[in-house]
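> This is the structure alone, sequence omitted:
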């Protein structure tokens, strides 16, 4: 099992960041890799079990399912159902924690998956940099938080 963990601190209150991240179908509005996204079968985006089908800028399609969502903990978990790259058994968890001395947000994004040994390093870099770090940077820009 491969584990990828990234974290950052955003100069914004948890509630403001959670407002953006809570929408399981909203990543096409802020993540640079996601071109379009929709929740299947007309379900609510915040309903556990909902499946989002989305298209990346390169045209590839993925499907992910919401496994858990907690407003109390400002967190959610999801898994990959379909992907064109060899990320098997992929489960990810997003968690926001208040940094109380500055009214900032600590954002942790982690994922676990299996893959072929020869692709492990490339996929760890792809998930950590192209998904997680790119997401951090995009939320900073989207919320006007600077570099």
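Received the coordinates, thanks. Being a predicted model, the structure only gives us computed values, none of them experimental. Numbering: from 1, shown residues only.

> make it CA atoms for all contacts and neighbour counts henceforth
Noted.

> Okay, helices next: where are they in the protein?
14-21, 120-125, 134-142 (DSSP state H).

> Direction-wise, compare the last one with helix 14-21 and give the angle.
By that I understand helix 134-142. If you take axes from the mean of the first three to the mean of the last three C-alpha atoms, to 10 degrees, helix 134-142 sits at 110 degrees to helix 14-21.

> who's in contact with helix 134-142?
8, 10, 30, 31, 32, 146, 147 (C-alpha atoms under 8 Å, 6 or more residues apart in numbering).

> Could you rerun that using 10 Å?
With C-alpha atoms under 10 Å, 6 or more residues apart in numbering as the test, helix 134-142 has contacts from 6-12, 17, 20-21, 27, 29-33, 107-109, 127-129, 132-133, 144-147.

> Would you mind checking the residues you listed for buried ones?
Buried by 16 or more other C-alpha atoms under 10 Å: 7, 9-12, 17, 20-21, 27, 30-33, 107-109, 127-128, 132-133, out of the contacts of helix 134-142.

> Now, the contacts of helix 134-142 that are in strands?
Using DSSP state E, the subset of those located in strands is 6, 7, 8, 9, 10, 107, 108, 109.

> Tell me what the third one is bridged to.
Residue 8 forms beta bridges with residue 107, as assigned by DSSP bridges.

> Quick check: buried residues in stretch 81-92?
81, 82, 87, 88, 90, 91, 92.

> same deal with stretch 61-72?
61, 62, 63, 64, 65, 66, 67, 69.

> same thing with stretch 103-116?
With burial defined by 16+ other C-alpha under 10 Å, the residues of stretch 103-116 counted as buried are 104, 105, 106, 107, 108, 109, 110, 111, 112, 113, 114, 115.

> how about those in CSV, adding distance to residue 57 and pLDDT?
Shown next, in CSV, are those (distance: C-alpha to C-alpha, whole Å; pLDDT from 0 to 100):
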residue, distance to residue 57, pLDDT
104, 31, 97
105, 29, 98
106, 28, 98
107, 25, 98
108, 25, 98
109, 22, 98
110, 23, 98
111, 22, 98
112, 24, 98
113, 23, 98
114, 24, 98
115, 23, 97
